[in-house]
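**Student:** Here is a sequence together with a model predicted from it:
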Amino acid sequence: AEAQLAIAHRQLQKAVDELAKCQEDLDVMQARFEVAMGEKQRLSDDSRNTMSKIDTANRLIQALGGENDRWVKQVRECEEELIRLPGDCIVAASFMDYLGPFGPEYREEILKGIAAKCTELRIHVSNAPDINRFFTTNAEIRKWVAFGLPPDDASLQNATLTMYSGRWPIMIDPQEQAVAWIKRVGGDAISFADINAMVDGVRTGEKTLLEDCLVSGRQLVLTNVTEEIDPVLDNLIAKTLTNTGKRFSVHLG
């Protein structure tokens, strides 16, 4: 009986060992299964995301398909504008440098003559160059109009000259409409001063707002300017600058 019990114990121990080995193998396979299921879930999520992106891309392509004609037309217009750019630059530069003092009708006449001369010299040029939009943008023009600038072409040209000309703009403004507009556009960045007070200050050696603006680079509008400007401002008006090292100076007086 004892021998049979020993045999039974050995058989039991063998079965327990085999069970433990099976359990160990099962644990390994379970871990592999969980990893595989996680990978499957990741791939499934990636697949859904990819399909969603593909669907979005297809809808975008369909929505933009109708824009193709407009884009082709816009590219063609840009290419044509690039061809006409040299002539348009000549017309715009002529306007900015020479036509400020004249009225809108004479400006238009001169600009047409310049464009015709460009055509005669085989320089490509637009039939009617838009001077305002050559220097500005539609957004800036809307801003000017919102601040009180009349929307007619002559006023827009005058505003363009005022904002972008390399020369000092002189505005005949008996009703002070231009001054009001400049105040709205420039805000606190622009100072105003009577030219006679500035001249008197220069003559007496007093520090003036004019000198402060020259040093700081702040914009200054001189008011009550007459046909003749006092010679003490000649160097400033003519932009006669003296280069001292890395700085420029102007002599007043």
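**Tutor:** Cool, got the structure.
**Student:** Just the element for Val16, please.
**Tutor:** Element membership for Val16 (DSSP states H and E) is helix 2-65.
**Student:** and that helix, what does it pack onto?
**Tutor:** With contacts taken as 3 or more Cβ pairs under 8 Å, 6 or more residues apart in numbering; DSSP states H and E, helix 2-65 sits against no other helix or strand. All C-beta atoms are positioned from the backbone trio N, CA, C, and that covers glycine.
**Student:** And it, how far out from the chain middle?
**Tutor:** Distance, stretch centre to chain centre, for helix 2-65: 56 Å (Cα atoms, centre = their mean, to the nearest Å).
**Student:** Buried residues in the helix or strand just after it, which are they?
**Tutor:** Next helix or strand after helix 2-65 toward the C-terminus (DSSP H and E): helix 68-98. Buried positions in helix 68-98, judged by neighbour count with 16 or more other Cβ atoms under 10 Å: Arg84, Gly87, Asp88, Ile90, Val91, Ala92, Ser94, Phe95, Met96.
**Student:** Now tabulate those residues in CSV and tack on pLDDT.
**Tutor:** Shown next, in CSV, are the buried residues of helix 68-98 (pLDDT from 0 to 100):
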residue, pLDDT
Arg84, 90
Gly87, 91
Asp88, 91
Ile90, 92
Val91, 92
Ala92, 92
Ser94, 91
Phe95, 92
Met96, 90
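**Student:** and the end-to-end length of stretch 92-112?
**Tutor:** One end of stretch 92-112 to the other measures 12 Å (Cα to Cα, to the nearest Å).
**Student:** Tell me if I am right that Asn243 is in a strand.
**Tutor:** Yes: under DSSP: H, G, I helix; E, B strand; the rest coil, Asn243 falls within a strand.
**Student:** For beta bridges, what are the partners of it?
**Tutor:** In this structure, Asn243 bridges to Phe248 when assessed by DSSP bridges.
**Student:** Could I get the pLDDT score of it?
**Tutor:** At Asn243, the pLDDT value in this model is 83.
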